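>>> Please work out how this folds:
(one chain, ligands or ions: 1)
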Amino acid sequence: MKVTRIAYSARLNPGKYAALHEQAQRLGRVRSLAWHTFGSVAAAWCSDRDLRDLWMRDGTGQIFGVPANAWKETLRDAFDDICASREAAKVPVKRAIAKRPANDRRALFALLKSNRWTDDRWLSRQMRRRWKRGKNRTHNQIIVRSDKVDTFTLAEGGDVWLKVPGLEPRRPVIIPLNTTVAPNGTLRLILRGNRVEVHYQIDASAMKSSQRSCGDREVGVDKGYTEALTDSDGKHHGEDLGRLLTTDSDRLKERNRRRAKLRSIANSAAEKGRHAKATRIKSNNLGTVKRDRQVAVHQARVRTEIFTAVHSVVDKAKVVVAEDLAKTFTGRKSLGKNTNRRLAAWTKGVTAEALRNVSERRGSALVLVNAAYTSQVCPACEGFARRNGDRLHCTPCGVVWQADHAAAVNVMSRRGDPDITLHTPYQRVKEILQERADRQRIRLPIQDSSRAINGGERIIQPRPDSNRSEFVKEAAA
Ligand SMILES: [Zn+2]
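I've put the predicted structure just below:
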């Protein structure tokens with residue numbers, strides 16, 4: 001498995017940044033042309049080699065004003081993006097094929113897989129509906145092939161300098177990095193906010209954390225907001241997550257309020273014809289460089305918190321049982337109005353990624369289960385309990401659970417549940433749970449009745465008007 005690492009430029013001088021920026025702009029045109037020419041049905045049969053050879057033959061390659069290797073790598077990258085968008089469009093089409101008569105399916109799947117869907121009119125219509133023409137929006141990236149990369153350090157153990165090709169032959173751009181680890185392989189340079197991000201991939205097995213072994217137990221986890229995860233022992237992991245998210249969402253709210261005010265001042269100045277003032281506010285007070293940088297820092301912190309939490313779960317777990325976070329489910333308690341919902345959705349994605357990633361690297365198994373209503377039922381009796389803040393009250397048992405702990409225990413017992421599988425719809429889950437709770441309620445009194453235990457097979461139904469004590473008496477009689 002590969003993991004992406006990012007190194008950043010340190011005190012890069014403006015001249016070098018401008019040179020890289022110019023190169024990225026020109027390569028953006030390569031991407032745009034790739035999307036324009038090949039992002040459609042007509043070129044679905046092409047491979048990136050075909051396109052490359054075509055552009056070399058007809059001289060297209062020379063119009064970009066960049067070294068041949070640079071546009072070829074960019075073309076390959078853009079082509080990968082085009083393929084990814086096409087494959088994403090195929091997912092709903094495959095679902096539609098699955099509903100077709102059985103003897104049609106095989107041929108349709110084959111046509112779709114070999115990108116010859118235009119041969120079939122029905123399939124062609126499906127793809128046309130799902131695959132919209134794309135457009136390039138990337139004008140700030142440079143792909144550098146591994147053999148064009150050179151790194152060096154000025155002193156033993158010092159920060160790394162990166163040498164990448166510039167626009168002129170034999171005039172490389174040398175970028176000082178903020179790390180002592182030299183990036184290798186194919187690099188993706190992203191120019192953002194006067195800084196260069198160097199994205200590269202490393203083999204996960206080379207990472208130090210991959211050497212850590214996993215635990216030997218089976219542990220259920222529940223994803224939370226104040227803590228990243230709660231396990232089925234009731235222990236919280238990643239307890240700083242809530243604070244991180246809350247302070248950030250408050251800060252964002254305040255800042256967006258202030259930006260809105262400045263924007264309205266700028267707009268009204270522009271209406272009155274004071275364009276100098278409007279431009280000044282827009283360029284000095286409403287920029288995005290610092291804002292984007294702070295967002296990146298915050299996201300890195302949240303990721304670290306979540307990954308650390310997952311590592312600490314895997315420390316004791318051989319099998320991690322978790323909810324399938326790719327699914328959404330409406331039965332869950334609302335997150336409250338001050339919670340930034342998009343932030344919550346994003347952290348959910350990071351948690352899913354961390355669970356998958358860390359489990360794979362450290363050799364524990366990740367089991368995904370259907371988590372419908374796991375935060376609402378009592379783990380002891382499986383009946384629906386009352387949720388109050390982070391407490392879960394079960395009246396029949398007379399027990400108060402910590403809600404996330406209860407959810408984690410429920411998640412764990414969903415593994416091996418004979419009736420509730422990963423794909424059971426949540427409405428059906430609710431019915432099953434209610435049936436079980438009813439059965440439990442009926443059986444409870446019988447368990448303390450000697451006759452029922454001896455008799456075994458007979459279950460006595462209580463009369464609708466009788467209360468429990470009378471029922472017990474009657475059963476014992
Ligand atoms: Zn209970």
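
>>> For the ion, see how far away the residue nearest the centre of the chain is.
What sits nearest the mean C-alpha location of the chain, by C-alpha atoms, centre = their mean, is G349, with 3.0 Å. Separation of G349 from the ion (C-beta to the ion, to the nearest Å) stands at 33 Å. C-beta coordinates here come from the backbone N, C-alpha and C atoms, glycine included.

>>> Also R170?
76 Å.

>>> Could you check the pLDDT of that residue?
Each residue has a pLDDT score; the one for R170 is 86.

>>> same deal with T288?
pLDDT, read off for T288, is 84.

>>> In contact with it, which residues?
Shown in contact with T288 (C-beta atoms under 8 Å, 6 or more residues apart in numbering): G193.

>>> State the distance from it to L245.
For T288, the distance to L245 (C-beta to C-beta, to the nearest Å) stands at 22 Å.

>>> if we can go back for a sec, how about the residue nearest to the centre of the chain, nearest residue that isn't a chain neighbour?
Distance criterion C-beta to C-beta, 6 or more residues apart in numbering; nearest residue to G349, sequence neighbours excluded, is L325 at 7.4 Å.

>>> The one you found: neighbouring residues, count only.
18 (other C-beta atoms under 10 Å).

>>> about what we covered before: which residues are contacting the one helix or strand the residue nearest to the centre of the chain maps to?
In this assignment (DSSP states H and E), G349 forms part of helix 341-362. Outside helix 341-362, the residues that touch it by C-beta under 8 Å, 6+ apart are 1, 3, 204-205, 207, 209-210, 212-214, 221, 223, 225, 228-229, 241, 245, 248-249, 299, 302-303, 306-307, 309-311, 314, 320, 322, 325-326, 335, 364-366.

>>> Drop anything exposed from those residues.
204, 210, 214, 221, 223, 225, 228-229, 241, 245, 248-249, 302, 306-307, 309-311, 314, 320, 322, 325, 364, 366 (16 or more other C-beta atoms under 10 Å).

>>> Now, those residues that are in strands?
Filtering these for membership in strands, criterion DSSP state E, returns V221, K223, L229, V320, A322, L366.

>>> what's the lowest-pLDDT member of those?
Among those, K223 has the lowest pLDDT, at 88.

>>> the inter-axis angle of the helix or strand where R251 lies versus helix 341-362?
Assigning secondary structure by DSSP H and E places R251 in helix 241-271. Following axes from the mean of the first three to the mean of the last three C-alpha atoms, to 10 degrees, one obtains 140 degrees for the angle between helix 241-271 and helix 341-362.

>>> And helix 241-271, what's buried?
So, applying 16+ other C-beta under 10 Å, buried residues of helix 241-271: L241, L244, L245, T246, D248, S249, L252, A266, A269, A270.

>>> what about the residue nearest to the last one when sequence neighbours are not counted, which SS state?
Put plainly, it is A270. In space, A270 comes closest to A278 once its chain neighbours are excluded; the distance is 3.9 Å by C-beta to C-beta, 6+ apart. What DSSP: H, G, I helix; E, B strand; the rest coil gives for A278 is helix.

>>> And for R387?
What three-state DSSP gives for R387 is strand.

>>> Contacts only, for it.
Residues near R387 by C-beta under 8 Å, 6+ apart: K333, S375, Q376, H393, A403.

>>> Please pick the buried ones from those.
Buried among the contacts of R387 by 16+ other C-beta under 10 Å: S375, Q376, A403.

>>> Now tell me what touches stretch 106-121 from outside.
Contact partners of stretch 106-121, identified using C-beta under 8 Å, 6+ apart, comprise 41, 44-45, 86, 90, 93-94, 97, 100, 122-124, 126-127.

>>> at 6 Å what do you get?
Outside stretch 106-121, the residues that touch it by C-beta atoms under 6 Å, 6 or more residues apart in numbering are A44, W45, K90, I97, L123, S124, M127.

>>> Which of these fall in helices?
Judged by DSSP state H, the contacts of stretch 106-121 include K90, I97, L123, S124, M127 as members of helices.

>>> which of those lies closest to A437?
Nearest to A437 out of the ones in helices among the contacts of stretch 106-121 is I97 (C-beta to C-beta; 40.5 Å).

>>> what ranges do the helices span in the stretch 101-250 of the chain?
Taking DSSP state H, counting those that start in this stretch as the test, the helices found in the stretch 101-250 of the chain are 102-113, 121-130, 241-271.

>>> what do you get for the stretch 301-450 of the chain?
Applying DSSP H, counting those that start in this stretch to the stretch 301-450 of the chain gives helices spanning 341-362, 403-414, 426-447, 450-455.

>>> Would you format those helices as a markdown table with mean pLDDT included?
As requested, these are exported to a markdown table (pLDDT from 0 to 100):
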| stretch | mean pLDDT |
| --- | --- |
| helix 341-362 | 85 |
| helix 403-414 | 92 |
| helix 426-447 | 77 |
| helix 450-455 | 34 |
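
>>> quick one: low-confidence ranges for the chain?
Scanning the chain for pLDDT under 70 picks out the ranges 326-343, 443-477.
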